[in-house]
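Undergrad: Take this sequence and fold it.
(3 chains)
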Amino acid sequence: MHRIDCPWCGVRDESEFQYQGDATVSRPKFKASEEAFFRYAYVRENPRGWHTEWWHHVGGCRQWVKVVRNTLTHEIHVTGTPADKLAHPRKVKSP
Amino acid sequence: MSSQSNRLTKGGHINRANPLTFSFDNKIYQGFEGDTLASALLANGVRLMGRSFKYHRARGVLTAGSEEPNALVELRQGARREPNTRATMIELFDGLAATSQNRFPSLSFDFMSVNQLFGRFLVAGFYYKTFMWPSSFWESFYEKIIRRSAGLGRAAVESDPDQYDHSHGHCDVLVVGAGPAGLAAALSAGRSGARVILVEENPWLGGALNLQNDRIDDMPATQWIEAVSKELNALENVRVMSRTVLFGYYDGNVMGALERVNDHVAPPYSDQPRQRLWTIRAKEIVIAAGAHERPIVFDNNDKPGVMLSSAVRTYVDRFGVAPGKTVAIITNNDDAYLTAFQLHAAGIEVPVIADARVNPGDLVEKARELGIRVETDCLPHEAQGYLGVTNLLLQRSDGSLIEKIACDCIAVSGGYSPNVHLVSQSGVRPVWDEKILGFIPDTPIRAERSAGACKGTYDLAGCLGEGHEAGLAAAKAAGIAVAKSAVAPQAGPQPQSSIVAVWRSPGKGKAFVDFQNDVTAADIDLAHREGMVSIEHSKRYTTLGMATDQGKTSNVNGLALLARARGEDIPTVGTTRYRPPYSPVAIGAFAGHERGVHFQPTRLTAMHRAHERLGAVFVEVGQWLRPRYYPINDKETMTQAIWREADMVRKTVGMCDVSTLGKIEVFGPDAAEFLNRLYINGFAKLPVGKARYGLMLREDGHVFDDGTTSRLAEDHYFMTTTTANAAGVLSHMDYCAQVVWPELDVAFCSATEQWCGVAVAGPRARDVLTAAFDGAIDMSNEVLAFMGVKEFTWNGATARIFRISFSGELAFEVNVPWGYGEAMWESIYAAGKDFDLIPYGTEALGVLRIEKGHVAGNELDGRTTAQDMGLGRMMSSKKPYIGLPLSQREGMADEMRPRLVGLKPVDTKNRLRGGAHLVDDKNNATHETSLGWVTSVGDSPAIGSWIGLAYLKDGPNRHGERIFAVYPLKDEVVEVEICDPVFFDAKGERLHG
Amino acid sequence: MAEFNIVTPLSHLGLVAGKGTSSAGVLLADRPGLAIAQVFAKKGKTAAVAKKLGISAEPCVATSHENYTALPLSPGQWMLFATTGADGSFQRLLEKQIGKNGYVSEQSHSRAAIRISGAKVLDVLSKECRLDLHSSVADVGFCAQTTMSGVGVLMHKIDDSPTFDLVVFAGFADSFWHWITQASAEYGVELSRD
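TA: Numbering: from 1, shown residues only, chains lettered A, B, ... in the order given. As a prediction, this is how the structure comes out:
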């Protein structure tokens, strides 16, 4: 089970969160092309290793939490608020 | 009552003052408090405890612990019957009833044991090869015989009457196992002040400590255990959990453990659970899980009476039981000598120690001094006997026979396998240690460390030292200041045991590797010959190491044999990865209290008691309970009640609890802009005191939700959502406000339960409400026009009245704070007496909205667009909103998409069905010819027949045409006429009444 | 109107005031009729609102005053509790105090508050609460939003005995009460009303 460090509540069990997908895509401006919206709605990477994701702390403070997680080892490197720019660790740990 | 013929006259940690009566296969026996079922049966001379999985061979107990593969029994009776429980782990209680399993008609005469005669056919992969075709034979034939002949115990068929519970734990240091290493670790970590949880699967502490002979800190082991236990229990920061097995190592150092709270007492347990499932979050973990002794693979090594050497010792030492009167010993290491000495001390005859080693070392002399015969370079050839061992045949390593030894028990030691299950679960690959012939943990990748026998350290002083160090290191890693002066518990030195590999003692008979799955040495060779060269393939093909014991006694022997077959060394072959659970966990324990009506919480409205008093029949809507309909007496059917309720609303007036709608208060200078971006229609210009129906899309352009939203002040809106989507809409708004447009100054929260609501609909609605509220609010068309909102005070409470209508009638929704809800319901109901008011439920609500062509959940199925619903004109062209860009794509705006229509049966006697498909040609109804589907249906009093809403290709252009609604599930075909989805009062005159 | 009763989410249970002398391991008390309001700060006004109300804006730290207790919910949001003012007067008082710095949502009727105390409090809570409530982690005044038995709970540690207040949505009150009374049964439980 993941233990996720919510920037507001502290470390909490995964079960309090809803996984909300890829946090590396952001919604285009309204003026953007249909293609941009298509990519935003449908196109996702499926990375092996580090990934930045949204976890909504719906069973807690209701904040959207940015999480850098390794899809291979389930390790969580860092968490932050939507405004935070989070970097991946430089070296990918092998499982 | 049988006497305890094999009970030693003294010794053992049992309470001889408290005899307990129990039954096995309906025969009554006696044991003592402190016994396990296995030890009590052995005390009564019962060796035969089960039949094997595949060949139905007679089996006795092999071990004295949780690794037991053979002695699986059905425990308790009736609804409490639990199959495959290990007799070695069942603590005896008075009245315990157990039965053997996998035998017919009785344990000593098992009809299916003829399988042994056909044994050469029942080899590895037998099922894969034999029951391949014809496939139609599977359900009717193959499955039945396989289930009858293979398989273990029977599950209870009634629902489990016992309670199970969950609990959550947190600690700095979790210590797994309370043997010498675990106790030392718990002591050093606990003394440092770390929050420690120590889990031990047995009811006692001490693990493999030899209670009679070991000495620690100059005390006998028993005394030391008592002292440590006392100290740990006195430490406020330490929790000792015995009868608790740690079964799973999960991500984030979250551990699963099962506490057997009441398995050792007779049911029922009043308010206590039978078992408790623990989720423990540990900063650091010390694994001190010990090691499992493994058998030696020789012919007929599964006869009842063949036991592991350590188990024999445990039965003598802990339970005061002689596992046999004459116990022969076979070994490849020193450990079995300790057993021989113990047996000798207890006055049990040891005719021989057969040692595979050529030069075993000093212990040989000690044995001979005691008068015990020792044969070196000596291996077992075969165990003999019918339902139990009577003889042991010995041989030299070259295969030459030596002699036959009469015995009724054989104590076997093939060496120890460190218990690497948990480290393996944590992701560490165990590595082979040639010195001990076992796998030991590799470098940890999580916050864990191993100590003692599970790391391959077998001497007592070593275990204590490692445990002590591991406890300190774990506490330190958890951020606790550790005293440097801490000293480990001391024990005298022990000679290092040598070991020689005996993976298969020469022979041509059935030599078992995995007792529980009936896997023989020959099966592994066969699997290899058939191409299963990987250990993972071999495991699955032969079933080695699967099932409830998870190969605790068999894995190392199995993969050593595979390595031999491959002609490679063991490290090259490697080991399989262990996965949770380490021991079986009842499904009931995982479910905990979340079963039956408590599977999920129930949500009730403020008026729930009033509905109950009116005899409402409830329906689950998400977690809510809502009145479905209100039968007027026992004879009124649901269909009649729904028809009556819908009819009365149109004729007089009805009231309905609408509290379950999601309600969200939205505040802020940017609230108007925020809602404008969420809804497809405009909300920025909505005047204060007005409500508006709004529709939201998902980003992909499909309809997400709808509801009525009112403006209470310039910067304050009151939004409603559908009951089903309330949570989803709030999460969507969180995303938009926090992630997409953080620059907007907007705040919102749920107000679903602050307010409860009643809809009053029908020609007399205004009269009823005027009476109910004593004229507290003017509801005239002039003051409160359609879509108007007013606030008023009623009995000191703020009330809000909305002039909105879902039924198409003159209708109002009144919201009051929760606490006033029941009183409001009663007031309206009482006032309604003079106007023939009826309460109506969700079903009549559905009929009324279908009559008006209003979409609801069935139409908002996540695949439909605003245009599909006939609501395309709501889509604002003056502002952008979520879903707009993708709603413009070609496929989304296609006129030929299935769009909303109404349907009426041509023959008004016919009923319609939701889910029916629409086709032009009733004789050609296929997936390809389907033109659409029926979403909602109802028996309409206003129309005088069934009516339905449907999505139909090009529907709006086909009004008046006739097609067919086909419903293959009931073999129904109904001719229907396509019409406008608004069946009733198309001009909408009634709601302005 | 002849008889008019304001109901509370658990009033149908007919609980009476506790004797305070129980030897039960767990004491559960319904706390009906609290005034509850959710307060929001406008953008950039979190400190201003906190100052006006004299409350902490730090996560997980409650502020208790003579007249009200404030539990921070998320950045710029609090839930405030008072023993009187459920008729909306508490909300209006808070609106007046914070002025144009934020908003107040009246929530007095939306929640049920249950006070749990007794020697076995932590044993009961740990059955469903996934948070570490050990006194070294959760001091007096600790507050958190979490999920217990499938229900969202706003919890607040009142004192070191320990005593906790558990606040749940009114609709779930019945279900939650049923769970927590059942979970407490093995330790002996006294049920009462404040």
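
Undergrad: hey, let's count contacts and neighbours off CA atoms from now on
TA: Noted.

Undergrad: Report the separation between the two terminal residues of stretch B:518-532.
TA: Stretch B:518-532 has its terminal residues 18 Å apart, counting by Cα to Cα, to the nearest Å.

Undergrad: Quick check: which element contains residue A:79?
TA: Element membership for residue A:79, per DSSP states H and E: strand A:76-80.

Undergrad: Alongside chain C, which residues does the stretch 451-600 of chain B contribute?
TA: residue B:600 (Cα under 8 Å from any Cα of the partner chain).

Undergrad: can you tell me the residue of the stretch 451-600 of chain B closest to chain C?
TA: residue B:600 (6.5 Å; Cα to the nearest Cα).

Undergrad: thought that residue was touching residue B:623?
TA: Yes. Taking contacts as Cα atoms under 8 Å, residue B:600 lies within contact range of residue B:623: 7.5 Å.

Undergrad: overlap in contacts of the two?
TA: Common contact partners of residue B:600 and residue B:623 (Cα atoms under 8 Å, 6 or more residues apart in numbering or on different chains): none.

Undergrad: Any idea which residue of chain A lies closest to chain B?
TA: Closest point on chain A to chain B, by Cα to the nearest Cα, is residue A:1, at 4.8 Å.

Undergrad: Around chain C, which positions in chain A sit nearby?
TA: Checking chain A against chain C by Cα under 8 Å from any Cα, the hits are A:8, A:9, A:12, A:13, A:16, A:59, A:60, A:61, A:62, A:63.

Undergrad: So what does the fifth one look like in phi/psi?
TA: Geometry field for residue A:16 lists phi and psi as phi -80, psi -10, criterion degrees, to the nearest 10.

Undergrad: show me where pLDDT drops low in chain C?
TA: Counting by pLDDT under 70, chain C has low-confidence residues at C:1-4, C:20.

Undergrad: okay, now the nearest residue to residue B:364 once chain neighbours are set aside: neighbour count?
TA: Excluding its sequence neighbours, the residue lying closest to residue B:364 (Cα to Cα, 6 or more residues apart in numbering or on different chains) is residue B:374, at 6.7 Å. By other Cα atoms under 10 Å in any protein chain shown, 20 other residues sit near residue B:374.

Undergrad: And residue B:374, its phi and psi?
TA: Taking degrees, to the nearest 10 as the convention, residue B:374 sits at phi -120, psi 130.

Undergrad: beta partners of it?
TA: Beta-bridge partners for residue B:374, by DSSP bridges, are residue B:353.

Undergrad: list the contacts for it?
TA: B:352, B:353, B:354, B:355, B:364, B:367, B:368.

Undergrad: How about residue B:950?
TA: B:899, B:900, B:901, B:902, B:903, B:932, B:933, B:934, B:935, B:936.

Undergrad: What's opposite the fourth one in the beta bridge?
TA: Per DSSP bridges, the residues bridged to residue B:902 are residue B:949, residue B:979.

Undergrad: Please tell me I have it right and it contacts residue B:947.
TA: Yes. Using Cα under 8 Å, residue B:902 makes contact with residue B:947 at a distance of 7.3 Å.

Undergrad: before we move on, back to that, for the contacts of residue B:374, which one is nearest chain A?
TA: Nearest to chain A among the contacts of residue B:374, with distances taken as Cα to the nearest Cα, is residue B:355, at 42.5 Å.

Undergrad: Just the local confidence number for the closest one, please.
TA: Residue B:355 is assigned 97 on the pLDDT scale.

Undergrad: and the residue of the stretch 451-600 of chain B closest to chain C, how many neighbours?
TA: 15.

Undergrad: show me the contacts for it.
TA: B:594, B:623, C:149, C:150.

Undergrad: And the strands in chain C?
TA: Applying DSSP state E to chain C gives strands spanning C:26-30, C:35-41, C:63-64, C:69-74, C:77-82, C:102-106, C:111-117, C:143-148, C:151-159, C:163-169, C:189-193.

Undergrad: And the closest residue to residue C:73 other than its chain neighbours, how far from residue B:37?
TA: Among residues not flanking residue C:73 along the chain, residue A:61 sits closest, at 5.9 Å (Cα to Cα, 6+ apart). Distance of residue A:61 to residue B:37, given as Cα to Cα: 51 Å.

Undergrad: and what of residue C:136?
TA: In terms of Cα to Cα, residue C:136 sits 43 Å off from residue B:37.

Undergrad: ok, now residue B:824?
TA: 64 Å.

Undergrad: Next, work out how far apart the residue lying farthest from the centre of chain A and residue B:538 are.
TA: The outermost residue of chain A relative to its centre, with distances by Cα atoms, centre = their mean, is residue A:31 at 25.6 Å. With distances taken as Cα to Cα, residue A:31 is found 60 Å from residue B:538.

Undergrad: how's chain C carved up into domains?
TA: C:21-32+C:110-193, C:35-106 (automatic domain parsing).

Undergrad: Near residue C:27, how many residues? Count them for me, please.
TA: Residues contacting residue C:27 under the criterion other Cα under 10 Å number 24.

Undergrad: do residue B:754 as well
TA: Around residue B:754 there are 24 residues (other Cα under 10 Å).

Undergrad: Retrieve the pLDDT associated with it.
TA: 98.

Undergrad: what's near enough to touch the nearest residue to residue C:172 once chain neighbours are set aside?
TA: In this structure, residue C:172 finds its nearest non-sequential neighbour in residue B:603, 4.8 Å apart by Cα to Cα, 6+ apart. Counting by Cα under 8 Å, 6+ apart, residue B:603 touches B:623, B:624, B:625, C:171, C:172, C:173, C:174, C:175.

Undergrad: Dump those to a markdown table, plus neighbour count.
TA: Formatted as a markdown table, these follow (neighbours: other Cα atoms under 10 Å in any protein chain shown):
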| residue | neighbour count |
| --- | --- |
| B:623 | 17 |
| B:624 | 20 |
| B:625 | 18 |
| C:171 | 27 |
| C:172 | 24 |
| C:173 | 25 |
| C:174 | 21 |
| C:175 | 20 |
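
Undergrad: Can you tell me which of those residues comes closest to residue C:115?
TA: residue C:173 (12.7 Å; Cα to Cα).

Undergrad: contacting residues for the closest one?
TA: Counting by Cα under 8 Å, 6+ apart, residue C:173 has contacts B:603, C:9, C:10, C:111, C:112.

Undergrad: pLDDT of stretch B:28-38, averaged?
TA: Stretch B:28-38 comes out at a mean pLDDT of 97.

Undergrad: Can you measure across that stretch, start residue to end residue?
TA: For stretch B:28-38, the end-to-end distance is 15 Å (Cα to Cα).

Undergrad: And that stretch, what's buried?
TA: Within stretch B:28-38, the residues that qualify as buried by neighbour count (16 or more other Cα atoms under 10 Å in any protein chain shown) are B:29, B:30, B:31, B:32, B:33, B:34, B:35, B:36, B:37, B:38.

Undergrad: what helix or strand is the nearest residue to residue B:594 once chain neighbours are set aside on?
TA: In this structure, residue B:594 finds its nearest non-sequential neighbour in residue B:600, 6.6 Å apart by Cα to Cα, 6+ apart. Using DSSP H and E, residue B:600 is not contained in any helix or strand.

Undergrad: do you know how far residue B:600 is from residue C:148?
TA: For residue B:600, the distance to residue C:148 - Cα to Cα - is 11 Å.

Undergrad: ok so, going back, may I see the strands of chain C organised as TSV, with distance to residue B:321 added?
TA: TSV is the format used below for the strands of chain C (distance: least, Cα to Cα, whole Å):
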stretch	distance to residue B:321
strand C:26-30	44
strand C:35-41	67
strand C:63-64	64
strand C:69-74	62
strand C:77-82	65
strand C:102-106	72
strand C:111-117	48
strand C:143-148	48
strand C:151-159	52
strand C:163-169	51
strand C:189-193	44
